[in-house]
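Visitor: When you get a sec, could you give me coordinates for this:
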Amino acid sequence: MAHIISVRGKTPKIGKNCFIAETATIIGDVVIGDGCSIWYGAVVRGDVNSITIGDNTNIQDNAVIHGTYEKYATRIGSGVSVGHSAIVHGATIEDNSLIGMGATVLDNSVVEEDTVIAAGAVLSGGKRAERGGVYAGIPAKRIKELTSEDCERIIRTTAEHYQMYTTWYAAEEEKEHDN
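Guide: Here you go, the predicted model:
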């Protein structure tokens, strides 16, 4: 069973039809929208500031979502994929964006809608990744423009696949309850 923990008088609020893996940890001032998935080993820690996650967003295995004490809340929009072992810290990720595996998005930075932060990239604090681009490297720089077809193929398809993956686990749970 997932670790859902209250702290400082705040209890996480989780929307409808969410998949929360049994080793995920969600703490404190966290609001998660409908149709989301929080995968194995992921930590969403709203102890020092609030975290809001929109609808149909996936936080993949071992990702860490945190805020900055008394400075920067973390806001993640709808249709977002946060890749395996990525870190989002005190930042804003707008709708329909993808944060690649092992990427880091730091305090007071913004990833605009329809944007990809490539695997392993670091978006430094206070920076803005503007809409429709791929950002890579350390520090992250815009390396490519995304077409609407790219956004559909890369960003939206990833989010849709993660919604599909959750159905596999729901089917397994139903089988277990039937036995």
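
Visitor: Give me the contacts around stretch 121-131.
Guide: Outside stretch 121-131, the residues within contact range by CB atoms under 8 Å, 6 or more residues apart in numbering are 90-91, 94, 100, 103-115, 117, 135-140, 142. To be clear about C-beta, it is placed using only N, CA and C from the backbone, and glycine gets the same treatment.

Visitor: Just the mean pLDDT for it, thanks.
Guide: For stretch 121-131, mean pLDDT is 98.

Visitor: What residues of that stretch count as buried?
Guide: For stretch 121-131, a neighbour-count test (16 or more other CB atoms under 10 Å) marks 121-123, 125, 127, 129 as buried.

Visitor: So how do I select the buried members of the contacts of stretch 121-131 in PyMOL?
Guide: Burial among those is assessed by 16+ other CB under 10 Å; the matching PyMOL selection reads:
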select buried, resi 90+91+94+100+103+104+105+106+107+108+109+110+111+112+113+114+115+117+135+136+140
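
Visitor: Restricted to helices, list the contacts of stretch 121-131.
Guide: Per DSSP state H, helices hold no members of the contacts of stretch 121-131.

Visitor: could you point out the longest strand in the chain?
Guide: Counting by DSSP state E, the longest strand found in the chain is strand 43-53.

Visitor: Strand partners (parallel or antiparallel) of it?
Guide: strand 25-32 (parallel), strand 64-66 (parallel), strand 74-76 (parallel) (DSSP bridges).

Visitor: helix, strand or coil for residue 156?
Guide: helix (DSSP: H, G, I helix; E, B strand; the rest coil).

Visitor: So for it, what's the pLDDT?
Guide: Per-residue confidence (pLDDT) for residue 156: 95.

Visitor: Residue 64 too?
Guide: For residue 64, the model assigns a pLDDT of 98.

Visitor: got a list of what it touches?
Guide: Per CB under 8 Å, 6+ apart, neighbours of residue 64: 42-43, 45, 86-89.

Visitor: Out of those residues, the closest to residue 76 would be?
Guide: residue 88 (6.6 Å; CB to CB).

Visitor: Tell me the pLDDT of that closest one.
Guide: The model reports residue 88 with a pLDDT of 98.

Visitor: quick one on the thing from earlier: from the chain's centre, how far out does the longest strand of the chain sit?
Guide: How far strand 43-53 lies from its chain's middle: 11 Å, per CA atoms, centre = their mean, to the nearest Å.

Visitor: cool, and stretch 13-24?
Guide: With CA atoms, centre = their mean as the basis, stretch 13-24 stands 13 Å off its chain's centre.

Visitor: I'd like the strands paired with strand 43-53 laid out as TSV, including distance to residue 172.
Guide: Below are the strands paired with strand 43-53 laid out as TSV (distance: least, CB to CB, whole Å):
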stretch	distance to residue 172
strand 25-32	21
strand 64-66	26
strand 74-76	27
